Structures are given as structure tokens and as C-alpha cells.
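[1] The following comprises the amino acid sequence and a computationally predicted model.
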Amino acid sequence: MNDKQRLWLLLVAVLIIALFLLLEPILTPFLVAGLLAYLGDPFADRLEARGMGRTVAVTLVFSALILLLITAVVLTIPLIGRQLDLLAHAIPQWLEQLQLTLIPWLQKTLELPQGSLPIAEFKTAISNNWVTAGSMLGQLWGKIAGSSLAMIAGLANLVLIPVVTFYLLRDWDTLMSHIRDLLPRSIEPTVVKLTNECDEIIGAFIRGQLLVMLALGILYSVGLGFVGLDLALILGLIAGLASIVPYMGFFVGIAAASVAAWFQFHELMPLIGVALVFAVGQLLEGMVLTPLLVGDRIGLHPVAVIFAIMAGGQLAGFSGILLALPAAAIIMVLLRHAHRSYKDSAVYTAKD
């Protein structure tokens, strides 16, 4: 590439980023639809390879995606709502138990004066905040429900996601082919090679890691349910979501579940049960789920995953979070390419 071509590519990249930041408030449904289409395209390609028409294959995959989403919402939302109510009532009780047991022990062990740990004030503040939060949510919902424009916009987004998903999924291969045809011929082979590397990493991570998170969330929820925890579903889902970063789901889940089990039972056996559930989950993740569903070619370091998600949320809100991991994977591939180019360059191989 000459300097003029590099300048044009830089200007195009800057323009795309500027448009993304300007249009970010309306991009969420399109990004969600793009993610769903990206996840569903390999399945549609497999059905198409077996002789099925593209539209029929896309219709089957699209119907399966919609059915899965509806089933997940119908099954989990009521249960999560009930467990959030349980959590709202449990937190003040937990704080009261801390005040009666842990606080005296800490004061005695650390030789702290009476009243130096104001747990009663913490309890009152948290209880008031729960009430205030509920009141604020009620007021917010009232305003949303009372605003026809807000309701219309929300419904439009909900309707827009499946519509855009269907059309993107149907025309995915055509869109990719058009984009490839627009590339300058001098850089087309390199861009295609890098794009294939990015697709391999992004596909492995997103498709595989989502399945791993889902499997662990179900495993943890069911296991904690057998232990008898009232908050099994919420704790299992939190641990499953945290599993987007290796080992984070295990540590976050076992810590939260152990605290909940202790306050609920005040016995050792439930704690052992919690430890067994997460030990089994960690073994399955390391020995079965991750090798089978994700593979070993991702190369995204856990710290890079955490930083990418936080940076995406800071820069572009929810849309940035959706794009964080794909962007991190693309940057990683480009850095690998730059590293190889540097190792082959005269700057690195030159001798004094």
C-alpha cells in the first residue's frame, strides 16, 4: 500500500468510528440483530450445504433462535422476580445476624470499642435504599408506561430486532461477498486472511463461550437447588455470566453461594454441598466444556476480556459492551500480524 491508500483507509476508519459514536443511541437493536445473525449463519450454511434453500434454512434457524429466546424469558423471568423479592427481604435479616454474631466477635478479637462498627446504620441505610429503589423503579415504570413515545420506541426496538435478524441472516453471505469485492485488490488477500483469523477467534469465543456460560449457569442453578438454597437460580445465573472470564464464575459463585448458604442454614453440610457443586462445575468446564465448545485457539487473556468489556461500556455504553469482545479479538489478530511483520522486518533483523 502507498501513502495515499493508507490515508484513505485511515479516513474511512475514523469516519466509521465517528458515525458509530454519533448513532450509538439507536444502534443497539441492529447490533443485537447482527450478533444473532452471526451466531446463526453457520447453522444456516450447514442446512444449505445439505441441499436446503437459503430462505428455508434461514427460516428454520431463525425460528429456533426465537423459540429459544421466548422459552428462556418465559421460564426465567418469573423465577428471577420471585428470588429478587426473597433477596430484598433476606438482606436486612443477614445484616441483623451479622450484628448479633460477627460484630461482637470482631470487636472482641480486634479489641474495638463499642459502636465502632455501625452495622445498625448500615442495615437501616440498605433497607431504606431497597425501599427507595423500589419506589424509583415504580415511578420510572409509571413514566415509561405513561409516555406513548417511549412505549412506541421500546416496542419498535423489540419488533426491529427479529426483523433485522432475519434479513441479515438471509443475506449474510451476500453482504460478506459485497464487502470483499469492495476491498482494494492490493490488500484483499491480506484482509481476507486476517478476517478469517478474526472470525475463527470471535466465532470460537462467542459461540463456544456462550454455550459454556449457559451450561454452567444451568449446572450451578440445579446443583444449588439440590443443596436447598432459596437463591439458587440467581446465584447460578450470576456464576454462569461471570464465567465469561475464566475462573471468575467459580470464585464469584462459590463466594456468594457460601455466604447465602451460611445465612440460610448455619450449618457446615450445605457449605460442603456448595463447594462440591462448584468443584464439579469447574472440572467440567476445564476438562469437557471449554475444550469441546471453545477450543484452545482463542488466545484472549482473561485480563484482556475484563478490560475490553469495561472499556466498551465506558466508551459506548451497552453497544460498546456488545462490540467489546469482537473488537478485542480483531485487535489481537492485528497485533499478531504486526508482531510477525516486525520480526520479519529489517528493523528487527538488522545487525550493528
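    Received it, and whenever you're ready, just let me know what you need. Residues are numbered from 1 along each chain as shown.
[2] which residues are in contact with whatever helix or strand residue 237 lives in?
    Assigned by DSSP states H and E, residue 237 falls within helix 232-242. Helix 232-242 is contacted by residues 76, 79-80, 83-84, 87, 213-225, 229, 248-250, 252-254, 256-257, 260, 278, 281 when judged by Cβ atoms under 8 Å, 6 or more residues apart in numbering. Every residue, glycine included, has its C-beta placed from N, CA and C.
[3] Just the ones of those residues in helices?
    Counting by DSSP state H, the contacts of helix 232-242 place 76, 79-80, 83-84, 87, 213-225, 248-250, 252-254, 256-257, 260, 278, 281 in helices.
[4] got any ranges where this structure has weak pLDDT?
    Applying pLDDT under 70 to the chain flags the ranges 1-3, 5, 95-108, 110-156, 294-300, 318-319, 322, 352.
[5] elements contacting the lengthiest helix in it?
    With residue count as the measure and DSSP H as the assignment, the chain has helix 3-49 as its longest helix. For helix 3-49, the elements it packs on are helix 54-97, helix 148-170, helix 172-182, helix 188-227, helix 302-344, judged by 3 or more Cβ pairs under 8 Å, 6 or more residues apart in numbering; DSSP states H and E.
[6] Domain map for this protein?
    In the assignment given by automatic domain parsing, the structural domains of the chain cover 27-173, 183-341.
[7] start to end distance for the shortest one?
    For domain 27-173, the first and last residues are 22 Å from each other (Cα to Cα, to the nearest Å).
[8] Enumerate every residue touching residue 314.
    With Cβ under 8 Å, 6+ apart, residue 314 has these contacts: residue 320.
[9] make it 7 Å
    Residues near residue 314 by Cβ atoms under 7 Å, 6 or more residues apart in numbering: none.
[10] oh, and call the first residue 411 from now on, that's how I've got it
    OK, 411 is where the count begins now, so the last one is residue 724.
[11] what's the spacing between it and residue 731?
    10 Å (Cβ to Cβ, to the nearest Å).
[12] And for residue 433?
    Distance from residue 433 to residue 731, by Cβ to Cβ: 16 Å.
[13] Comparing those two, which residue is more hemmed in?
    More neighbours surround residue 731 than the other of residue 433 and residue 731, with 18 against 11 (other Cβ atoms under 10 Å).
[14] ok, that one touching residue 720?
    No. Using Cβ atoms under 7 Å, residue 731 makes no contact with residue 720, being 9.0 Å away.
[15] re the thing from before, just the angle between the helix holding residue 647 and helix 464-507, please?
    120 degrees (axes from the mean of the first three to the mean of the last three Cα atoms, to 10 degrees).
[16] one step back: tell me the most buried of the helices and strands packed on helix 413-459?
    Highest mean neighbour count of the helices and strands packed on helix 413-459: helix 598-637, a mean of 18 (counted as mean count of other Cβ atoms under 10 Å).
[17] quick revisit: orientation of the helix holding residue 647 relative to helix 598-637 in degrees?
    Going by the same axes, to 10 degrees, helix 642-652 makes 160 degrees with helix 598-637.
[18] how far away is residue 457 from residue 678?
    Separation of residue 457 from residue 678 (Cβ to Cβ): 52 Å.
[19] Give the residue from those two that has the larger number of neighbours.
    Between residue 457 and residue 678, counted using other Cβ under 10 Å, the more crowded position is residue 457 (18 against 10).
[20] Looks like residue 468 contacts residue 579 (just checking).
    Yes. With contact defined as Cβ under 7 Å, residue 468 reaches residue 579; the gap is 4.9 Å.
[21] Identify the contacts common to these two.
    With Cβ under 7 Å, 6+ apart, residue 468 and residue 579 have common neighbours residue 454.
[22] mind listing what residue 482 touches?
    Residue 482 touches nothing, counting by Cβ under 7 Å, 6+ apart.
[23] same thing but at 10 Å, please
    With contact set as Cβ atoms under 10 Å, 6 or more residues apart in numbering, residue 482 has these partners: residue 624.
[24] Tell me how far it lies from residue 649.
    Going from residue 482 to residue 649 by Cβ to Cβ gives 17 Å.
[25] just residue 686 next, same as before
    Remark: distance between residue 686 and residue 649 (Cβ to Cβ) = 14 Å.
[26] Which residue of these two possesses the greater neighbour count?
    Between residue 686 and residue 649, counted using other Cβ under 10 Å, the more crowded position is residue 649 (29 against 13).
[27] Identify the residue spatially nearest to that one, adjacent ones excluded.
    Once flanking residues are discounted, residue 649 sits nearest to residue 663: 2.8 Å by Cβ to Cβ, 6 or more residues apart in numbering.
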